[in-house]
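# Give the three-dimensional model of this entry:
(one chain, ligands or ions: 1)
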Amino acid sequence: MADSPLLNPRTYDPAHFDDETRRLLRATVDWFENRGKRALIDSYNAHAWYGDFLDFAAKRGLFAAFLTPATDGAGDPAKRWDTARNAALSEILGFYGLGYWYTWQVTVLGLGPVWQSDNAAARARAAELLADGHVMAFGLSERSHGADIYSTDLVLTPDSTGGFRANGGKYYIGNGNVAGLVSVFGRRADVEGPDGYVFFAADSRHPAYQLVRNVVNAQMYVSEFRLEDYPVRVEDVLHSGRAAFDAALNTVNVGKFNLCTASIGICEHAMYEAVTHAHNRVLYGRRVTDFPHVRRELTDAYARLVAMKLFSDRAVDYFRSAGPDDRRYLLFNPMTKMKVTTEGEKVVDLMWDVIAAKGFEADTYFDKAAKDIRGLPKLEGTVHVNLALILKFMANYLFQPADHPPVPTRHDAGDDEFLFRQGPARGLGAIRFHDWRTAYDAHAEVPNVARFREQADGLCALLAAHAPDEAQQRDLDFLLALGQLFALVVYGHLILEQAELTGLDRDVLDKIFDVLVRDFSGSATELHGKAATTAEQAVWALAHVRRPIPDPARTARMWERVEALSGAYQMRP
Ligand SMILES: Cc1cc2nc3c(=O)[nH]c(=O)nc-3n(C[C@H](O)[C@H](O)[C@H](O)COP(=O)(O)OP(=O)(O)OC[C@H]3O[C@@H](n4cnc5c(N)ncnc54)[C@H](O)[C@@H]3O)c2cc1C
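Modelled structure (predicted):
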């Protein structure tokens, strides 16, 4: 039996990283394991703030090492912004719970506008705060405006010193109770339109920063805060005008990548519990895992989870290799956000169907996973927002491939400085991609890859022959249904590339595409049912509902992989 691709704290050793990174990641796992499951569960159930985790992170310089770009790291070789190791840490934190991940995640977001700023004093201050063990916050959202950040009501009025007085509230702001630095987005009272936007650094300990409450019913702190005549000095301003708006979007581009790894970590931990429970539960004299439907559900969950990992790992390479002439990451990023996180929901759903009542028990990790996995598709842009974004790339991706030098696996100790100089968040429709067909061709002998390829080619034929008409192009409900089909082609593409790079077992790859064939069929059926779908499009949709190619021997071998997870990991009590 090949090694399991799932994170297992018992054997975790990220040997592909440099020694210091390896030590810090292992130390994080050890901290959680030594603290034990009882404390993990009790603090979650009691909504207790995880100050002990932040103390550990501060003492080990964890966030300072991972979140200080090399240019701000004063020559410390441990400090760099490295998406590969950030992804590894994000997965570990998700594995132990959404709250630990979230405090790290909003620190990432809070730092985004700072590391994109030319304000050297603010950068130095952020680096110092990180070194002192502080966490950060990102103050973008407001209670009344949701995704519509153009309408911010946090208003800056010029004062006599060249600075401002800031007034207004922010809502849903993580770490807003403790952050050493809060990046706050607002607009000037005296300048109309986009030129009036401002991003500035606030201090949550200042008396004019008023913490109102925790908005959520959870261990993590998602704050409402108000600024009452908060003095914004010239040296606190990070960005002005359109650059402030771009900084907001580019920060979310960097930050939202962590949601996929959080989903993966949550699913991994939940899977150990679920398989172990189901396999050891005996009903009517047989193991629950002897039921064929249970085997199918757990095997599907496993295949979906491995696919999530393959796609996300490969997306890291595109992130790290990005530059002004290669912005393909701008497609793969919303894919990790909407696709991988919704896959995470499916993985947990499948397992919960199997373990049923056990998934409610307060002293399991699973009951927390079942709740928290739902959050990830909804944060930092909903599924709709990210799918609408993905659609902008569809024409070029499917029909206008371009030559790009091959992107290798990127585990090197590089600093991903381009992420902080992404430039204006425009021109997405002009981005070109390498030919998706190459990866599919290379695996054409895998039966379900070939079957899925028929569906993918079919999508191109649909768009060529029966492209959305003008009314359909204005109908986001219709377009989102189409977008789900497109997203599957992109998903399969990077999964195949990563399978090649890692020598993934053929059974697992075939099984993953068995799932994708069924998913494509499901989304085609959905498109078929839309009121806006034309008769020709509806005929196409039904013609592309396909059956995966069954293989009983593969199914049996896949089950052995899943069964091997039973007892493979249990958190230290
Ligand atoms: C636990 C939690 C933590 C958070 N942490 C932070 C934080 O630290 N900092 C911060 O600034 N914010 C934070 N947020 C805010 C969060 O990112 C937003 O709430 C989230 O992006 C969704 O916005 P909304 O719920 O207001 O939905 P809305 O924006 O109100 O959207 C309503 C509906 O309209 C749809 N919609 C909106 N715009 C579009 C579009 N362009 N295309 C298609 N459909 C669209 C949406 O998909 C959704 O279905 C947090 C929220 C929560 C719940």
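# how about the residues of the stretch 151-300 of the chain near the ligand?
Proximity of the stretch 151-300 of the chain to the ligand, by CB under 6 Å from any ligand atom, involves residues Tyr172, Ile173, Gly174, Val216, Val222. Glycine gets a C-beta too; all of them are placed from N, C-alpha and C.
# Can you report how many residues lie near whichever residue of the chain sits closest to the ligand?
Across the chain, no residue is closer to the ligand than Gly146, which sits at 2.3 Å (CB to the nearest ligand atom). Using other CB atoms under 10 Å, Gly146 has 13 neighbouring residues.
# Doesn't it lie inside a strand?
No. Secondary structure of Gly146, determined by DSSP: H, G, I helix; E, B strand; the rest coil: coil, with no strand assignment.
# can you list the residues of the stretch 1-150 of the chain near the ligand?
Within reach of the ligand by CB under 6 Å from any ligand atom, the stretch 1-150 of the chain has these residues: Val106, Phe138, Leu140, Ser141, Gly146, Ala147.
# ChimeraX command for the buried members of those residues?
Command for ChimeraX that selects the buried part of these, burial taken from 16 or more other CB atoms under 10 Å:
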select :106,138,140,141
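# that older thread, check the residue of the chain closest to the ligand and give its pLDDT.
On the pLDDT scale, Gly146 is placed at 83.
# Tell me the spacing between it and Gly168.
16 Å (CB to CB, to the nearest Å).
# And for Ile149?
Going from Ile149 to Gly168 by CB to CB gives 13 Å.
# Among these two, which residue is more densely surrounded?
Between Ile149 and Gly168, counting by other CB under 10 Å, Gly168 is the more crowded of the two (19 against 16).
# Okay, and the beta partners of that one?
With DSSP bridges applied, Gly168 shows beta-bridge pairing to Leu227.
# close enough to count as contact, it and Glu224?
No. In this structure, Gly168 is not within contact of Glu224 by CB atoms under 8 Å, at 11.7 Å.
# Could I get the full set of strands for the chain?
Residue ranges of the strands in the chain, as given by DSSP state E, are 136-139, 155-158, 164-174, 181-188, 197-202, 209-214, 222-232, 237-240, 282-283, 286-287.
# helices or strands next to the last one in the packing?
Secondary structure elements in contact with strand 286-287, counted by 3 or more CB pairs under 8 Å, 6 or more residues apart in numbering; DSSP states H and E, are helix 258-280.
# Going by neighbour count, list what's buried in the helix it packs on.
Under the neighbour-count criterion of 16+ other CB under 10 Å, helix 258-280 has 258-279 buried.
# before we move on, what about stretch 480-500?
Residues 480-499 are the ones in stretch 480-500 that count as buried (16+ other CB under 10 Å).
# circling back: tabulate the strands of the chain (JSON lines), appending distance to Ala456.
As requested, the strands of the chain are exported to JSON lines (distance: least, CB to CB, whole Å):
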{"stretch": "strand 136-139", "distance to Ala456": "37"}
{"stretch": "strand 155-158", "distance to Ala456": "49"}
{"stretch": "strand 164-174", "distance to Ala456": "38"}
{"stretch": "strand 181-188", "distance to Ala456": "40"}
{"stretch": "strand 197-202", "distance to Ala456": "41"}
{"stretch": "strand 209-214", "distance to Ala456": "46"}
{"stretch": "strand 222-232", "distance to Ala456": "40"}
{"stretch": "strand 237-240", "distance to Ala456": "41"}
{"stretch": "strand 282-283", "distance to Ala456": "42"}
{"stretch": "strand 286-287", "distance to Ala456": "39"}
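# would you turn those into TSV with mean pLDDT and distance to Phe433?
Shown next, in TSV, are the strands of the chain (pLDDT from 0 to 100; distance: least, CB to CB, whole Å):
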stretch	mean pLDDT	distance to Phe433
strand 136-139	98	30
strand 155-158	98	40
strand 164-174	98	33
strand 181-188	98	32
strand 197-202	98	31
strand 209-214	98	43
strand 222-232	98	36
strand 237-240	98	30
strand 282-283	98	50
strand 286-287	98	46
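# looking at those strands, which is buried most?
Highest mean neighbour count among those (mean count of other CB atoms under 10 Å): strand 136-139, with a mean of 30.
# Figure out the length between the terminal residues of stretch 324-336.
End-to-end span of stretch 324-336 (CA to CA, to the nearest Å): 21 Å.
# Give me the mean pLDDT for it.
For stretch 324-336, mean pLDDT rounds to 96.
# can you list contacts of that stretch?
253, 256-257, 259-260, 311-312, 314-315, 318-319, 322, 381, 386-387, 389-390, 393, 397, 404, 418, 422-423, 428, 431, 433-434, 487, 490-491, 494 (CB atoms under 8 Å, 6 or more residues apart in numbering).
# Return the residues in contact with Arg242.
Pro194, Asp195, Tyr197, Pro424.
# can you name the two of those that are farthest apart?
Asp195 and Pro424 (14.4 Å; CB to CB).
# got the CA coordinates for stretch 113-124 in CSV?
Listed next in CSV are the C-alpha coordinates belonging to stretch 113-124 (Å, rounded to 0.1, in the frame of the first residue of the first chain):
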residue,chain,number,x,y,z
PRO,A,113,-2.2,46.5,2.5
VAL,A,114,1.0,47.1,4.5
TRP,A,115,3.3,44.9,2.4
GLN,A,116,1.9,46.5,-0.7
SER,A,117,2.6,50.0,0.6
ASP,A,118,5.5,52.3,0.0
ASN,A,119,5.2,53.6,3.5
ALA,A,120,8.5,52.4,5.0
ALA,A,121,7.7,53.4,8.5
ALA,A,122,4.4,51.4,8.5
ARG,A,123,6.2,48.4,7.1
ALA,A,124,9.0,48.6,9.7
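# Same question for that stretch: list its buried residues.
Across stretch 113-124, burial judged by 16+ other CB under 10 Å covers Pro113, Val114, Trp115, Gln116, Ser117, Asn119, Ala122, Arg123.
# In TSV, list the residues you listed along with pLDDT.
Formatted as TSV, the buried residues of stretch 113-124 follow (pLDDT from 0 to 100):
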residue	pLDDT
Pro113	98
Val114	98
Trp115	98
Gln116	98
Ser117	98
Asn119	98
Ala122	98
Arg123	98
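# Output these as JSON lines; include the columns distance to Ala370.
Converted to JSON lines, these look like this (distance: CB to CB, whole Å):
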{"residue": "Pro113", "distance to Ala370": "34"}
{"residue": "Val114", "distance to Ala370": "36"}
{"residue": "Trp115", "distance to Ala370": "35"}
{"residue": "Gln116", "distance to Ala370": "37"}
{"residue": "Ser117", "distance to Ala370": "40"}
{"residue": "Asn119", "distance to Ala370": "43"}
{"residue": "Ala122", "distance to Ala370": "41"}
{"residue": "Arg123", "distance to Ala370": "41"}
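# quick one: stretch 139-152 to chain centroid distance?
The gap between where stretch 139-152 is centred and where its chain is centred comes out at 21 Å by CA atoms, centre = their mean, to the nearest Å.
# what does stretch 197-210 give?
The answer for stretch 197-210 is 28 Å, by CA atoms, centre = their mean.
# same check, this time on stretch 339-347
Centroid displacement of stretch 339-347 relative to its chain, using CA atoms, centre = their mean, is 10 Å.
# Please apply the same query to stretch 288-297.
A distance of 30 Å separates the centroid of the chain from that of stretch 288-297, by CA atoms, centre = their mean.
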